[in-house]
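Participant: here are the coordinates; sequence isn't available:
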């Protein structure tokens, strides 16, 4: 398998930001998922009152990070996101994060969704880490993407 | 368990950047670990020649991200990092990332190490995702920290 | 009045970056105004020579801030600004700042104009604050916007 | 009154970042205030439930902006903030924002507190502007500062 | 020659981000060149093995900087780059850097190519400066641009 | 000459941010120089009136860039700059830029001075490039540094 099959490499094998100037502009979306695993007693401490819910801080962090994706991932294109949302589902021993991104552009938003999910997870970790050392971030992966030449992809979440 | 036991909350329960102005300046370090799981054939495609190794791009991305931690994680303090390193260990079905950060400051660098590991993992994902849809980011956690009032913490990596 | 009438909330009530992917691209502009109030003797100290005019520093700060709006305001969309200008009118007891922004995009530039005006005002404050403690920033508001579904809005400046 | 009496000018009159290398490191704090004026019906729409409170988004925006002050205000020094907090008081016809910043450094944090207050105000404006065109940002000023050569300053809020 | 002939000035002579809202969107490219001059023994120390090649760090730095151009150059427009590449040619007494940028936008990418070349050069300087004090950055200039109203420009590299 | 003699490489040869945690904090300064070469008629167009002097825009750009050095140069440490100044000397066929930076820290500010000089030069180029295609950036190098283990370095400017 040669270099040229990896993303982000030009013909000489040097890393570059792939040329998308010839690609059509189209509507694209992506959804990524991350999981923060934490003991039940930490879960119980996640507050649900108006002030100071860690999930609200994480939501804003994730949305803001989606907009910074091309600053963080060296070979990502800058994309004008038309929608970003971060949602949480509280389970007995952890929090499932779902991040969606959407754009109308020449390339896709997989990395934007992945980055939003990862930074939301890091923020939850930051805000709960004093409670318990067993907290950790688990599987971060793409759930779905639509649009672009490769079309729709859907994955069954790992269980 | 009350809000005040969560990090980053003041007495009224509002999110804030914790006041560390009274804490002594001391030498602190942290090491975090992330894992990118990928099928063996994708592993074989990770090139090792001078130009265009995804790991080198990921290394720089991780180091740069460590310096951006306080921009990404809303309640993190700005810290002058005195050292950052990102290392990789190639396994049969994935890449283990180890990120170390060090500072001489009033608060610790756990989030800087975690952020470096997470962004290095996202970068590897970005550069290999075209090869296979089964690539995913796995456990991101703290391996070790030293310094500060809570002293040294060490964890045995999950196996 | 329910949450859904506030901007930036999705159906479940969670904060999100509003989905504008279905909106048409159109030409939009906005003009905002801020005021820095300062005693007459401070006004007299604002230099007008080639080097070191605080207004020139404030102008650049305002223009640069307009480009950073989506980094500062969590739920703002990233917009490629096609024009930004910051102008000053010196009055007896203060400086009136007018900031204009323009784009061709799916959403408007009100926040870009507001942010440019606010940061220009903060910069003037920064550069004159050593002279007098009575300096303060006054009314920041939208003077005008054009384009988009809601069309043109014009406000008579407060007097 | 000559240029040299303005902050941020060197002997030749050129704008520069003032040399603080000879100043002692000391503990410093500052508190700034901003006001967002809005009709009573808009005030009633500010939600207080767990998800999607504009004040929580504004709080995070203000704290994050404090950390970005030296990127926004051209001649501000980079300061490692040891504490940032943003608080709100809801009145009948508006929201009073109080932002506090603290550092242990060679120069003060007035601009960090002012910037946090201003960006929190801009964020509230952003999230409510669809409800009513009469919303505006009012007086932004310094309430208090401590530390440094000029010592403590306290101002009675305008009423 | 009047102010109005300089870029970035409006009719009153004030600096502003030029209004491009009336310009057509078209495909544009630019190529810039920089040179890092270094003694032959420093050239010999530039490693070519997989890990730690300064050129790979400089390549990523240059690509990342191209995406930050509008943050660095105050009156530059934000442009969604569709391609960025940085290449190196090793000579006996220095390294020639070629940076290419491409966009589909209302204005050109000359500054993006220039910035990528300059920051790649600064990065090589940073990574070799400990070896020899005679290292310096030499001529940075535009080699070529295409697209836009002024059409194609090509320059013979200085020899 | 082995890798270990290059800056920014650890023992295994991997790029890393050098560990400075054991170095003493001391006062350090650096001065860098860049040159923008332009035909005499372009020089004559550089305006000297209050509004819109390209040199004032370049001065602010250079100072702001110094504060961003660690974001641009991947392996640079974050440094709290205690002073930055950018000065210009107009010659018959070009503009000489001198940038000074100062810190009290564990490592030096050579790259901050170099970056300020380079970005000031890029900004002048940006604001004059419409006038003449022969404008180019010339020698960027370190004029002087003080402080740190290697002590004072002074270079005679090239003539």
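Facilitator: Sure thing, it's come through. This structure is a prediction, so every number in the text was calculated from the model and none was measured.
Participant: Is any residue of the lowest-mean-pLDDT helix or strand in chain A near chain B?
Facilitator: Among the helices and strands of chain A, helix A:40-45 carries the lowest confidence by mean pLDDT, DSSP states H and E, at a mean of 84. Yes: counting by CB under 8 Å from any CB of the partner chain, chain B is contacted by helix A:40-45 at A:41, A:44-45. (C-beta placed from N, C-alpha, C; glycine too.)
Participant: can you check stretch A:86-93 too?
Facilitator: No: shown here: stretch A:86-93 not in contact with chain B (CB under 8 Å from any CB), separated by at least 13.2 Å.
Participant: which residues are contacting that stretch?
Facilitator: A:37-40, A:43, A:46, A:55, A:58-59, A:62-63, A:95-100, A:116-117, A:120, C:12, C:14, C:16 (CB atoms under 8 Å, 6 or more residues apart in numbering or on different chains).
Participant: In helices, which of those residues fall?
Facilitator: A:40, A:43, A:55, A:58-59, A:62-63, A:116-117, A:120 (DSSP state H).
Participant: For the residues you listed, pick the one with the most neighbours.
Facilitator: In terms of neighbours by other CB atoms under 10 Å in any protein chain shown, those top out with residue A:116 at 34 neighbours.
Participant: what residues are up against that residue?
Facilitator: With CB under 8 Å, 6+ apart, residue A:116 has these contacts: A:32, A:62-63, A:65-66, A:84, A:86, A:99, A:101.
Participant: Can you pick out the most distant pair from those residues?
Facilitator: The largest separation in the contacts of residue A:116, counting by CB to CB, is between A:32 and A:63 at 13.1 Å.
Participant: Could you pull out the strands in chain A for me?
Facilitator: Using DSSP state E, the strands of chain A run over A:26-37, A:81-91, A:94-105, A:136-146, A:153-154.
Participant: Which of those strands sits closest to residue E:146?
Facilitator: strand A:94-105 (22.1 Å).
Participant: what about the closest one, near chain B?
Facilitator: No: using CB under 8 Å from any CB, strand A:94-105 never reaches chain B; the gap is at least 12.4 Å.
Participant: Now look at that strand and say if it contacts chain C.
Facilitator: Yes: using CB under 8 Å from any CB, we find that strand A:94-105 touches chain C at A:102-104.
Participant: and which of those residues is nearest residue E:131?
Facilitator: Looking across the residues of strand A:94-105 next to chain C and measuring by CB to CB, the closest to residue E:131 is residue A:103, at 44.6 Å.
Participant: quick one, what contacts that closest one?
Facilitator: Taking CB under 8 Å, 6+ apart as the criterion, residue A:103 is in contact with A:27-29, A:79-82, A:109, A:112, C:21.
Participant: likewise residue A:154?
Facilitator: A:143-144.
Participant: Identify the bridge partners of it.
Facilitator: On the basis of DSSP bridges, residue A:154 is bridged to residue A:144.
Participant: remind me which residues of chain A are low pLDDT?
Facilitator: A:1-5, A:7, A:11, A:47-52, A:157-159 (pLDDT under 70).
Participant: Could you show which parts of it are in contact with chain E?
Facilitator: Residues of chain A that fall close to chain E, judged by CB under 8 Å from any CB: A:10, A:12, A:14-21, A:70-71, A:74-75, A:77-80, A:105-106.
Participant: I'd say residue A:98 and residue A:35 touch.
Facilitator: No: look at residue A:98 against residue A:35 with CB atoms under 8 Å: they stay out of range, at 10.2 Å.
Participant: just checking, residue A:112 touches residue A:66?
Facilitator: Yes: in this structure, residue A:112 is within contact of residue A:66 by CB under 8 Å, at 4.6 Å.
Participant: shared neighbours, these two?
Facilitator: A:81, A:84, A:101.
Participant: Quick check on those: which are buried?
Facilitator: Buried members of the shared contacts of residue A:112 and residue A:66, counted by 16 or more other CB atoms under 10 Å in any protein chain shown: A:81, A:84, A:101.
Participant: circling back to that earlier point, can the least confident helix or strand of chain A be said to contact chain D?
Facilitator: No: using CB under 8 Å from any CB, helix A:40-45 stays clear of chain D, coming no nearer than 15.1 Å.
Participant: what about the spatially most central residue of chain A, distance to residue E:64?
Facilitator: Chain A has residue A:114 as the residue nearest its centroid, 2.1 Å off, counting by CA atoms, centre = their mean. Separation of residue A:114 from residue E:64 (CB to CB, to the nearest Å): 19 Å.
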